[in-house]
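Undergrad: heads up, no residue letters with this:
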């Protein structure tokens, strides 16, 4: 009744090929973005901004990155943590070597470094497929972390090996290090996320995205119709690692304030893979849904008892959190193997017919 | 793009929960505890936080709080994960942000800047960032009674004593088994410096955090190289595994020395009699043989309020007690200046910096032998008395052996200052003056 396409005519090809062809969708997305850009920073507490929204946005970037590689191009990867670490360490290195360089360029440069590393570790994908590829990307995860913790050059010879992210400004607003205002940090991360998500969405709809999907669905057939596996697989690795690298740099600079190897260990790789699977493979929206679900749900379960005024010991709450969370993941995978994004589109389908389903 | 809906929902839920936490009656000293009672380090965490909590309960039940101000604590479970620790810090800091003791090097590193910015002191008792001992650069971070670097030098001094003199170190070979984590790697620069200075060599054996219980290959190698001493910087499940493996290759246990995070009951109990002779550094006494335990029994255990009675008297439980005792004494010190009311983070910081726990005061606390005296100053946040005790496992209990071993502060302090200066330069901080 409220959600319908009737009367929504497309008169140009441009209108027909827009990201959100339905006007209602378009307005909805624009409203949501504006709410998060203007209303949320005004209303939300610092805890919400810096401990909830900022990390979710950063993890969404990483999930988009992995989704490009695994969801669109069909290359299973367990090296996400390693690529994020590359971004974080290189951002630290570049930022301390050129203190005057704007943080935006630092992020791009760090992302490019991660992309190069991604290409290097993507080369085996030309020969190896499926689970075997997962193992070679696992090697990337372990090798990269080993490299950053072993070679003191990456941390400017800091004895502890855990350097602190330097304070950096964008248009006069401090966006990294603990002294920055959570609002500035949140907005900085939010704008980067929106830009990167838009780029990813458009990439996925473009020639490159279609190349990836062709390779994913059947690589031999794709090769026969003239798609080069070399370029398509390696671009997927490069772009995916670029996103992960930026996410890693932001994680260190705008969230935990230190460049710490344990933040990018193998568990992080799995966590992001779960985000992509739960959210929906091959869906940008799914990356956001998955990141929000995997990151927020445990915290929500943890604070919920206090919210109802229940006095339960933290240990019990945490055990319950682990159990419920595990159960929910299995539940979602059984009910909707295609992820939360698919649930969303089913919901939209239903809404379209409501209240007169045929 | 529409993830915003879900996150908005979750956001409102979480926000609601924050608002809904009951508002404290004015007049309690709120203290946050970032605990870990789940995950791979739970066995250690349960004992430490039980000690911390029981001491707070003791102060509340026996003295009616600190100078009449009741302690109210809150717990937030981190699972020893850095990002959950940061989240817990943010969640608790508005209402409970008085002083943090995360008992995790990773979380300490992550909140150093945040806490400094929020003007909340962090008390990392014998762990965390070593260079924070320079109070001119790190006004809010305290790591007395001793840092990892001091501890490493004290362990070497102990080995030299065991061998019969500093000159006997020459030509000796040690094995250094450590958790492959910023924590485990902290002492390496000092082992390097001392190796050069005293002429010994050492081999490094990192144990990855992901496979702490797989050390067969490491110990086979140690069996081949036959080092004179083995030094361990371990934590969690790594410790019992290493001790069992050492016993299985018949490594002389009295030549195997752990640091003070590798010397608790949970580490040796699994090996039991096999671990007999194993030594470790300690920053405080072990067992229950201290007057403070009489009070604990009367006011906490007998009223069935003990957090985890099974761990009472354990090394880590005592560490929790000592940690809380220092915190309470710091608050008391602050109250002397600011009055008997709940102290803010900044006031407690002043209390920490002017903390002087004398032997007489320790006696009043019923902790003689449990903890050595310590005096903190503006410039030196490591305290005036860094060093270690050495304890030995007899198969059923830990025993203190020998005297207090002072650290080689003459080597440690210059490097602390150098590292702190580097940090200050990178962050653009002008070190405050302490004179």
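TA: Thanks, I have the structure now. None of these values were measured; they are calculated from a predicted model.

Undergrad: A strand includes residue B:207, no?
TA: Yes: with DSSP: H, G, I helix; E, B strand; the rest coil as the criterion, residue B:207 is part of a strand.

Undergrad: Next up, the contacts around it.
TA: B:177, B:178, B:179, B:180, B:184, B:215, B:218, B:234, B:238, B:242 (C-beta atoms under 8 Å, 6 or more residues apart in numbering or on different chains). For every residue, glycine as well, the C-beta is placed using N, CA and C.

Undergrad: same deal with residue B:431?
TA: Counting by C-beta under 8 Å, 6+ apart, residue B:431 touches B:134, B:136, B:137, B:420, B:421, B:424.

Undergrad: give me the element the closest residue to chain B within chain A is part of.
TA: Chain B sits closest to residue A:288 of chain A, with a gap of 2.6 Å, by C-beta to the nearest C-beta. Residue A:288 belongs to helix A:284-307 when assigned by DSSP states H and E.

Undergrad: The helix or strand following that helix versus helix A:284-307: what angle between them?
TA: Reading on from helix A:284-307 to the C-terminus, the next helix or strand found by DSSP H and E is helix A:314-335. Calculated by axes from the mean of the first three to the mean of the last three C-alpha atoms, to 10 degrees, helix A:314-335 forms an angle of 150 degrees with helix A:284-307.

Undergrad: The nearest residue to residue B:178 once chain neighbours are set aside: helix or strand, and which one exactly?
TA: Using C-beta to C-beta, 6 or more residues apart in numbering or on different chains and skipping residues adjacent in sequence, the residue nearest residue B:178 is residue B:184, 3.5 Å away. Using DSSP H and E, residue B:184 falls within helix B:182-185.

Undergrad: list the helices and strands the very next helix or strand once past that helix packs on?
TA: Counting by DSSP H and E, the element after helix B:182-185 in chain order, helix or strand, is helix B:188-198. Judged by 3 or more C-beta pairs under 8 Å, 6 or more residues apart in numbering or on different chains; DSSP states H and E, the packing partners of helix B:188-198 are helix B:148-163, strand B:173-180, strand B:201-208, helix B:409-427.

Undergrad: Please identify the deepest-packed of those.
TA: Across the helices and strands packed on helix B:188-198, averaging neighbours per residue (mean count of other C-beta atoms under 10 Å in any protein chain shown) puts helix B:148-163 on top, at a mean of 24.

Undergrad: Is that one in proximity to chain A?
TA: No: on the criterion C-beta under 8 Å from any C-beta of the partner chain, helix B:148-163 is out of touch with chain A, staying 8.7 Å away.

Undergrad: The helix holding residue A:288 - contacts with which helices or strands?
TA: Checking 3+ C-beta pairs under 8 Å, 6+ apart, helix A:284-307 ends up next to helix A:54-66, helix A:182-205, helix A:266-279, helix A:314-335, helix A:340-353, helix B:3-20.

Undergrad: what separates the helix or strand bottoming out on mean pLDDT in chain A from the chain centre, distance-wise?
TA: None of the helices or strands of chain A scores lower by mean pLDDT, DSSP states H and E than helix A:314-335, at a mean of 84. The chain centre lies 22 Å from the centre of helix A:314-335; the measure is C-alpha atoms, centre = their mean, to the nearest Å.

Undergrad: who touches that helix?
TA: Contacts of helix A:314-335 (C-beta under 8 Å, 6+ apart): A:274, A:277-278, A:297-298, A:301-302, A:305, A:339-340, B:35, B:37-38, B:75-77, B:79.

Undergrad: hmm, try it at 7 Å
TA: Helix A:314-335 is touched from outside by A:278, A:297-298, A:301-302, A:305, B:35, B:37-38, B:75-77, B:79, with contacts defined as C-beta atoms under 7 Å, 6 or more residues apart in numbering or on different chains.

Undergrad: Give me the buried positions along it.
TA: Within helix A:314-335, the residues that qualify as buried are A:314, A:315, A:317, A:318, A:321, A:329, A:332, counting by 16 or more other C-beta atoms under 10 Å in any protein chain shown.

Undergrad: residues from the stretch 151-300 of chain A in reach of chain B?
TA: When proximity is defined as C-beta under 7 Å from any C-beta of the partner chain, the stretch 151-300 of chain A approaches chain B at A:159-162, A:164, A:166-167, A:177-179, A:197, A:256-258, A:260, A:262-263, A:266, A:285, A:288-289, A:292, A:296, A:299-300.

Undergrad: Look at residue B:65 and report its pLDDT.
TA: Listed pLDDT for residue B:65 reads 91.

Undergrad: Show the contacting residues for it.
TA: By C-beta under 7 Å, 6+ apart, residue B:65 lies in contact with B:29, B:59, B:71.

Undergrad: Also residue A:81?
TA: A:141, A:264, A:265, A:266, A:268, A:269.

Undergrad: okay if I get those as JSON lines plus distance to residue B:272, neighbour count and pLDDT?
TA: Converted to JSON lines, the contacts of residue A:81 look like this (distance: C-beta to C-beta, whole Å; neighbours: other C-beta atoms under 10 Å in any protein chain shown; pLDDT from 0 to 100):
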{"residue": "A:141", "distance to residue B:272": "37", "neighbour count": "25", "pLDDT": "94"}
{"residue": "A:264", "distance to residue B:272": "38", "neighbour count": "28", "pLDDT": "92"}
{"residue": "A:265", "distance to residue B:272": "32", "neighbour count": "21", "pLDDT": "88"}
{"residue": "A:266", "distance to residue B:272": "33", "neighbour count": "19", "pLDDT": "90"}
{"residue": "A:268", "distance to residue B:272": "37", "neighbour count": "22", "pLDDT": "92"}
{"residue": "A:269", "distance to residue B:272": "38", "neighbour count": "25", "pLDDT": "94"}
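
Undergrad: Pick the one among the residues you listed closest to residue B:42.
TA: Residue B:42 has its nearest neighbour among those in residue A:265, at 18.4 Å by C-beta to C-beta.

Undergrad: which non-adjacent residue is nearest that closest one?
TA: residue A:81 (5.9 Å).

Undergrad: where does the one you found fall, phi/psi-wise?
TA: Main-chain dihedrals, residue A:81, degrees, to the nearest 10: phi -60, psi -40.

Undergrad: pLDDT score assigned to residue B:5?
TA: So residue B:5 comes in at 46 (pLDDT).

Undergrad: Oh, that last question was meant for residue B:2, not what I typed.
TA: Value for residue B:2, per-residue pLDDT: 44.

Undergrad: Correct me if wrong, but residue A:148 is in a helix.
TA: Yes: assessed with three-state DSSP, residue A:148 lies in a helix.

Undergrad: I'd assumed residue B:231 was in a strand, is it?
TA: Yes: assessed with three-state DSSP, residue B:231 lies in a strand.

Undergrad: pLDDT value on residue B:158, please?
TA: With respect to pLDDT, residue B:158 has a value of 93.

Undergrad: For the residue nearest to it when sequence neighbours are not counted, grab phi and psi.
TA: Closest residue to residue B:158 apart from its sequence neighbours, by C-beta to C-beta, 6+ apart: residue B:405 at 4.9 Å. Backbone torsions of residue B:405, given as degrees, to the nearest 10, read phi -110, psi 110.
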